[in-house]
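>>> Quick check, what structure comes out for this input:
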Amino acid sequence: MRTWRGVRGSASALAFVALLAACEPADTPVPGSPPPESTLIQGALLVDGTGAPAFPGSVRIREGHIVEVGELAPAPGETVVDAEGLVLAPGFIDTHSHHDRGLLDEHPDARAAVSQGITTVVVGQDGGSSYPLSEYWSDFVEAPPAVNVASYTGHASLRRRVMGDDLRRAATPAEVDSMSVLLEADLRDGGSLGLSTGLEYTPAFDSETEEVIALARVAAAHGGRYISHIRSEDRTFWQAIDEILRIGREADIPVQVGHMKLAMTSLWGRADELIAKLDSARAAGIDVTADVYPYTYWQSTMTVLVPDGNFTRDAVDFALREVANPDGIIFGRFSPEPSYVGRTLADIAQERGEDPVTAYLALREMVYGPDAPEDADEGIMARSMTDEDIGRLYQWPHTNVCSDGGLDGPHPRGYGSFTRVLRQYVREEHALTLEEAVHRMTLLGAEQVGIRNRGVVAPGMWADLVLFHPATVSDHATFEEPHAPSTGIEAVWVNGVQVWGEGAGTGPPYPGRAIRRGDG
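Numbering: from 1, shown residues only. Down below sits the predicted model:
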């Protein structure tokens, strides 16, 4: 007997789920064929992704989709998963991710992602993406990984295509037109979600707001969206927020503040002021949203501490006082002197017998100076935020969870972001209820990037699911062991295929799908 449990929650969530279910064609069996294989996940506590209260029930999966939700008995011959005492939720959607780096060749198992319950990663972030996306999707379909992937088109990638290495200037009108043509092709042929920018980074730092608005209008015309590493997350933060709101207003496009943070000492404690500003913009008709990762440390390069490139002693001194203190800067990469990896700037400066400003300038010269090797490389992780601000930003109803992490990077966020939220902000600090947290990891993220038919436990949805123990689920990745997997994630399914169980990946073949804008 088929049963249906209605999805409860807000009117918008109900309408969203109904629309998605209507997009899926009914299964049509071929006469005389054996019944398709099915899996029953039985006796779980269902947290369905809408934010509604959890309820007990079972879920049946068949041919990659959820086909039934309710009080279900096993059918003859189907696989049964005993989920008594566990939570079953939609697979987590990482709306700001770098888990695509090495995904198709080195790490198709996507261990960093699936081990924390992520089933879909949204890439092409911070202005950088594969281009054209149609070529990336061809490689993807030829050898699918363990997770689904959706992508934006990167503004900096378009700039490089049109402007070459001459990026420290505003684009000309003709160059903006050329970028618009490339973006339109990616939106049309590659199924891009929209436009991403990294306005604090060198390739786009000198772009004018009008250039970005022109490209955002192209994305808007195709039903795309805009996500941004805004122009400043510290010194000129409020102006950068004004800029993304202006882009949303003038291009008439949904805008997302990527990895939103208050990343300077003088900004700490001002989360309520930021939320009030964003709420005011939403009341004025600007569809602004945000994603946040649950760490006080960011990851980038030494150059981001002085984004305008003017590395005077005064500028560096300000950065080391206001943006990140020397004892809060950890080197994740430093090719000129590998022994510096894993150590703080304060520690290195002391060893060198230098003050931190002098040490910073000397280390930067070793990578970027005229005598530096061509392949010199560096990367840092720096503490610039507070746990209190992060918890408050998660409470804003339009903030979803992201990782901003990678498959094998030095920052623990690549392995631990989603389980860290469940441990710290749900179980320990009670900043969010379990239902609120799962909503911010699933349906809310799907809505905010334009992904359909995922993010909800309901009939007709793709069977991206995570089964976890609510009392023990926890992150274990640290700066000393950034690749330590989480515990408490019992099983993960992507498109109906189990990809994680008993603390390990299940191995190939992998079921990940390319998610294009408007997929139904």
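
>>> Identify each of the strands in the stretch 401-520 of the chain and give its residue range.
Ranges of strands within the stretch 401-520 of the chain are 465-468, 489-494, 497-501, 504-505, based on DSSP state E, counting those that start in this stretch.

>>> so where does Gly379 fall, helix or strand?
strand 378-383 (DSSP states H and E).

>>> Which other helices and strands does whichever helix or strand comes after that strand contact?
The helix or strand immediately downstream of strand 378-383 is helix 387-395, counting by DSSP H and E. Judged by 3 or more C-beta pairs under 8 Å, 6 or more residues apart in numbering; DSSP states H and E, the packing partners of helix 387-395 are helix 271-283, strand 288-292. Placement of C-beta: from N, CA and C, glycine included.

>>> Beyond the last one, next helix or strand please.
Moving toward the C-terminus from strand 288-292, the next helix or strand (DSSP H and E) is strand 297-300.

>>> which parts of that next one are buried?
297-300 (16 or more other C-beta atoms under 10 Å).

>>> Could you list the paired strands of it along with their orientation?
strand 378-383 (antiparallel) (DSSP bridges).

>>> buried sites along the partner strand?
378-383.

>>> Dump those residues to a markdown table, plus pLDDT and distance to Ala185.
Compiled in a markdown table, those are given as follows (pLDDT from 0 to 100; distance: C-beta to C-beta, whole Å):
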| residue | pLDDT | distance to Ala185 |
| --- | --- | --- |
| Glu378 | 97 | 35 |
| Gly379 | 96 | 32 |
| Ile380 | 97 | 36 |
| Met381 | 97 | 36 |
| Ala382 | 97 | 37 |
| Arg383 | 97 | 41 |
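
>>> which stretch among the strands of the stretch 401-520 of the chain comes nearest Pro338?
strand 504-505 (29.8 Å; C-beta to C-beta).

>>> What pairs with the closest one, parallel or antiparallel?
By DSSP bridges, strand 504-505 pairs with strand 497-501 (antiparallel).

>>> what about the strand it pairs with, distance to the chain center?
21 Å (C-alpha atoms, centre = their mean, to the nearest Å).

>>> Likewise for stretch 314-326?
28 Å.

>>> now do the same end-to-end measure for that stretch.
Stretch 314-326 has an end-to-end distance of 15 Å (C-alpha to C-alpha, to the nearest Å).

>>> In it, which residues are buried?
So stretch 314-326, judged by 16+ other C-beta under 10 Å, has buried residues 315-316, 318-320, 322-326.

>>> For the stretch 201-350 of the chain, which segments count as strands?
With strands called from DSSP E, counting those that start in this stretch, the stretch 201-350 of the chain shows them at 225-229, 255-257, 288-292, 297-300, 329-334.

>>> In terms of secondary structure, what does the second one contact?
Going back to what we said before, that points to strand 255-257. Under the contact definition 3+ C-beta pairs under 8 Å, 6+ apart, strand 255-257 sits against strand 225-229, helix 237-251, strand 288-292.

>>> can you list contacts of the first one?
This points to strand 225-229. With contacts defined as C-beta atoms under 8 Å, 6 or more residues apart in numbering, strand 225-229 is touched by 95-96, 125-127, 152, 193-201, 216, 219-220, 244, 247-248, 251, 253-259, 448-450.

>>> Name the strands paired with it and say parallel or antiparallel.
strand 194-198 (parallel), strand 255-257 (parallel).

>>> Domain-wise, how is the chain divided?
Annotated domains of the chain cover 92-296+384-505, 300-381 [automatic domain parsing].

>>> How is Ser93 assigned, secondary-structure-wise?
To be clear, residue 93 is Ile; Ser isn't right here. Here Ile93 is strand, with the state taken from DSSP: H, G, I helix; E, B strand; the rest coil.

>>> tell me the contacts of it?
Ile93 neighbours (C-beta under 8 Å, 6+ apart): 118-120, 122, 400, 441-442, 445-446, 449, 451, 454-455.

>>> can you put those in CSV and add neighbour count?
Shown next, in CSV, are those (neighbours: other C-beta atoms under 10 Å):
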residue, neighbour count
Ile118, 33
Thr119, 31
Thr120, 29
Val122, 29
Asn400, 27
Met441, 29
Thr442, 31
Gly445, 29
Ala446, 26
Val449, 25
Ile451, 25
Arg454, 26
Gly455, 32
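
>>> Adding distance to Asp165 and pLDDT as columns, could you present those in TSV?
Shown next, in TSV, are the contacts of Ile93 (distance: C-beta to C-beta, whole Å; pLDDT from 0 to 100):
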residue	distance to Asp165	pLDDT
Ile118	35	98
Thr119	38	98
Thr120	34	98
Val122	28	98
Asn400	35	98
Met441	39	98
Thr442	41	98
Gly445	35	98
Ala446	37	97
Val449	31	96
Ile451	35	95
Arg454	39	97
Gly455	40	98
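
>>> List just the nearest of these to Glu135.
Of all the contacts of Ile93, Glu135 sits closest to Val122, with 18.8 Å by C-beta to C-beta.

>>> Can you name every helix or strand that the helix or strand containing that closest one contacts?
Using DSSP H and E, the element containing Val122 is strand 118-123. Judged by 3+ C-beta pairs under 8 Å, 6+ apart, strand 118-123 is in contact with strand 92-94, strand 148-151, strand 489-494.

>>> still on that earlier bit, okay if I get the strands of the stretch 401-520 of the chain as CSV plus mean pLDDT and distance to Arg513?
Putting the strands of the stretch 401-520 of the chain into CSV (pLDDT from 0 to 100; distance: least, C-beta to C-beta, whole Å) gives the following:
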stretch, mean pLDDT, distance to Arg513
strand 465-468, 98, 15
strand 489-494, 98, 8
strand 497-501, 97, 11
strand 504-505, 96, 18
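
>>> and Thr289, which of those is closest to it?
Of all those, strand 465-468 sits nearest to Thr289, with 22.6 Å by C-beta to C-beta.

>>> what's next to the closest one, contact-wise?
41, 44, 59, 61, 66, 81, 83, 86-92, 117, 119, 422, 457, 488-493.

>>> between the helices and strands packed on helix 387-395, which gets nearest to Leu187?
strand 288-292 (20.0 Å).

>>> helices or strands up against that closest one?
helix 237-251, strand 255-257, helix 271-283, helix 387-395, strand 399-401, helix 443-449.

>>> what are the phi and psi angles of the residue most central in space within the chain?
The centre of the chain sits closest to His96, judged by C-alpha atoms, centre = their mean, with a distance of 2.1 Å. Per-residue torsions, His96: phi -140, psi 90 (degrees, to the nearest 10).

>>> which strands and helices sit next to the helix of greatest length in the chain?
Longest helix in the chain by number of residues (criterion: DSSP state H): helix 173-189. With contacts defined as 3+ C-beta pairs under 8 Å, 6+ apart, helix 173-189 has these neighbours: helix 133-142, strand 153-154, helix 155-163, helix 209-221.

>>> Return the set of buried residues in it.
Buried-residue list, helix 173-189, by 16+ other C-beta under 10 Å: 175-176, 178-180, 182-187.

>>> And stretch 402-412, by the same measure?
402-407, 409-412.

>>> and if you look at stretch 58-70?
The neighbour-count check on stretch 58-70 (16+ other C-beta under 10 Å) flags 58-62, 64-70 as buried.
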